[in-house]
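Chemist: with the input below, show me the fold.
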Amino acid sequence: MRGLLRSVGPLLLGIGIVLLASGLFNSFLSLRMGIEGFPPQLIGFVVSSYFAGFLFGSLWASTIVAQVGHIRAFAAFAAILTGSFLFLALFVSPWAWMAIRVLAGFAIAGIFVVTESWLNDRADSGNRGRILSFYMIVNQLASGLGQQLLQAGDPAGPDLFLIAGALLSVALVPVALSPSAGPPPPSRNALNLLALYRISPLGVIGCFAVGLSNAAFYSLAPLFGQSLGLSVAAIAQFMTLTIFAGMVMQWPIGRLSDRRDRRHVIVGVGSGVVLSAAAIAVVGGWSLPLLLVLVAIYGGLSLTIYPLMVAHANDFTGPGQRVAASAGLLLAYGIGAVAGPIIAANLMGWLGAQALFGYIATVATLLVAFTIYRIGRRAPVPVEEREVFVPVAETTAAPRPGPGHDAADVRVAVEPAAETADGAKPQEERR
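Modeler: As a prediction, the model looks like this:
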């Protein structure tokens, strides 16, 4: 395991620096749009354009990787992302920023495709879960620390554009100088979202709901803090604490879901999101300590729902279907992530900044209600037949095997006959 981590260390260092820059930039850009006086509705479209690019990238970036290889593709995607950060400083226009953010989203998805297919090639069925868990820690740790870099410059000036661009340039170095050769090109796998819905309705709807709510939070929460009159340092605390709380709670909630019906855990976690988001909307502006306590609770719960949904969906898929299922769940998340910021930003424009967390509480309420409905429609999977929970970052862009399954599974598509939305299975699998 130690030797494996050494072999992928340059890659993890590179992606860590990318996420450090991206974590900084995504929050900074929301603050900067507020400073520039962009209407909330336009801010929503600028934010959603990034997720639209991410969605396209998650579907098509592997074609580029297959043509030029992992190392060159990583360099190209990082260069595009660097250019997008710097060009935003030159063209202060919401319409120009929409177009540029589409490119940024495509590039970051491409970087994730490179990273995750590379990690899967280096790992095997005995250590893949641990490798992906370590990658998830790097992902969330770097994203959280990136929030602290908001304090490195004045959001109204050019400094943060330059810092983010410089970090991305540095991220190229460890990957370009890696002594390890890149893996073989990744294979494309077929996607059929309707077939996946037939296998796991809750998995698809749940990931869509997570995209609706969490993409809105990541993109618009800095504006919420700005509306409360928080300093840049306080907004950085606010965002960092949310991400770190989610990282800390992955394992305990995941272990609980391995022992009990995952849907009951989802109901409990979702109910906690409803209460904490509603509390932030109502009393979050009373004091900074109260706000930080509430966002820690919110982050610790909301950021675990996506991996819970992935684990739940994998409980109902066969070994040859799990990679295609992961890609389909990402597609559902991406569709929600495109729509969520637009809806939330419009509500903020009409009702005030607190409407962000009112919107999140509403989405979580609907998710809890749908989960309860599904509990009544399907029996739980026996504990001994469940897929082991593995923490998964929502920014995941490359379809990947779960722990215990070989990378060859990537060639297998989800088949619609696995199960209907009403819970009926093929005769040989029916309990």
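
Chemist: list the buried residues in stretch 45-57.
Modeler: By neighbour count on 16 or more other C-beta atoms under 10 Å, the buried set for stretch 45-57 is 45-55, 57. Heads up, the C-betas are built off the backbone N, CA and C, glycines and all.

Chemist: would you check that residue 108 makes contact with residue 55?
Modeler: No - using C-beta atoms under 8 Å as the test, residue 108 is too far from residue 55 to be in contact (11.4 Å).

Chemist: where in the chain is pLDDT low?
Modeler: The chain contains residues with pLDDT under 70 at 1-6, 124-130, 181, 185-191, 318-323, 381-431.

Chemist: can you show me the helices along it?
Modeler: Under the criterion DSSP state H, the chain contains helices at 2-35, 40-68, 70-90, 94-122, 128-148, 159-176, 193-199, 201-227, 232-259, 262-283, 288-302, 305-314, 322-351, 355-375.

Chemist: quick one, which of those helices is nearest to residue 183?
Modeler: helix 94-122 (3.3 Å; C-beta to C-beta).

Chemist: wouldn't residue 359 be in contact with residue 347 here?
Modeler: Yes - using C-beta under 8 Å, residue 359 is in contact with residue 347, at 5.3 Å.

Chemist: who has more neighbours, those two?
Modeler: residue 359 (25 against 22; other C-beta atoms under 10 Å).

Chemist: count of neighbours near residue 76?
Modeler: Residue 76 has 17 neighbours, counted by other C-beta under 10 Å.

Chemist: contact partners for it?
Modeler: Contacts for residue 76 (C-beta atoms under 8 Å, 6 or more residues apart in numbering) come out as 64, 68, 110.

Chemist: likewise residue 119?
Modeler: Here residue 119 is in contact with 8, 11, 131-132, 135, 400 (criterion: C-beta under 8 Å, 6+ apart).

Chemist: and the contacts of stretch 246-254?
Modeler: Contacts of stretch 246-254 (C-beta under 8 Å, 6+ apart): 136-137, 140-141, 144, 265, 269, 299-304, 307-308, 311, 389-391.

Chemist: ok, now with 7 Å
Modeler: Here stretch 246-254 makes contact (C-beta atoms under 7 Å, 6 or more residues apart in numbering) with 137, 140-141, 265, 269, 299-304, 307, 389, 391.

Chemist: extract the C-alpha set from it and format it as PDB.
Modeler: In PDB, the C-alpha atoms belonging to stretch 246-254 read as follows (Å, rounded to 0.1, in the frame of the first residue of the first chain):
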ATOM      1  CA  GLY A 246     -18.600  16.700   5.900                       C
ATOM      2  CA  MET A 247     -15.200  15.000   5.600                       C
ATOM      3  CA  VAL A 248     -15.200  14.000   9.300                       C
ATOM      4  CA  MET A 249     -18.800  12.600   9.200                       C
ATOM      5  CA  GLN A 250     -18.300  10.400   6.100                       C
ATOM      6  CA  TRP A 251     -17.000   7.300   8.000                       C
ATOM      7  CA  PRO A 252     -19.400   7.200  11.000                       C
ATOM      8  CA  ILE A 253     -22.500   7.700   8.900                       C
ATOM      9  CA  GLY A 254     -21.200   5.300   6.300                       C
END
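
Chemist: which parts of it are buried?
Modeler: Quick answer for stretch 246-254 (16+ other C-beta under 10 Å): 246-247, 249-250, 253-254.

Chemist: residue 357 reaches residue 281, doesn't it?
Modeler: Yes - when contacts are counted by C-beta atoms under 7 Å, residue 357 is listed as touching residue 281 (3.9 Å).

Chemist: higher neighbour count, the two?
Modeler: residue 357 (27 against 22).

Chemist: and residue 172, how many residues sit next to it?
Modeler: Count around residue 172 with other C-beta under 10 Å applied: 18.

Chemist: list the contacts of it.
Modeler: By C-beta under 7 Å, 6+ apart, the contact set of residue 172 is 75, 78.

Chemist: neighbours of residue 372, how many?
Modeler: Neighbours of residue 372 using other C-beta under 10 Å come to 14.

Chemist: ok, residue 10 - contacts?
Modeler: By C-beta under 7 Å, 6+ apart, the contact list for residue 10 reads 174-175, 178.

Chemist: so residue 344 makes contact with residue 220?
Modeler: Yes - between residue 344 and residue 220 there is a contact at 5.7 Å, judged by C-beta under 7 Å.

Chemist: which neighbours do those two have in common?
Modeler: residue 356.
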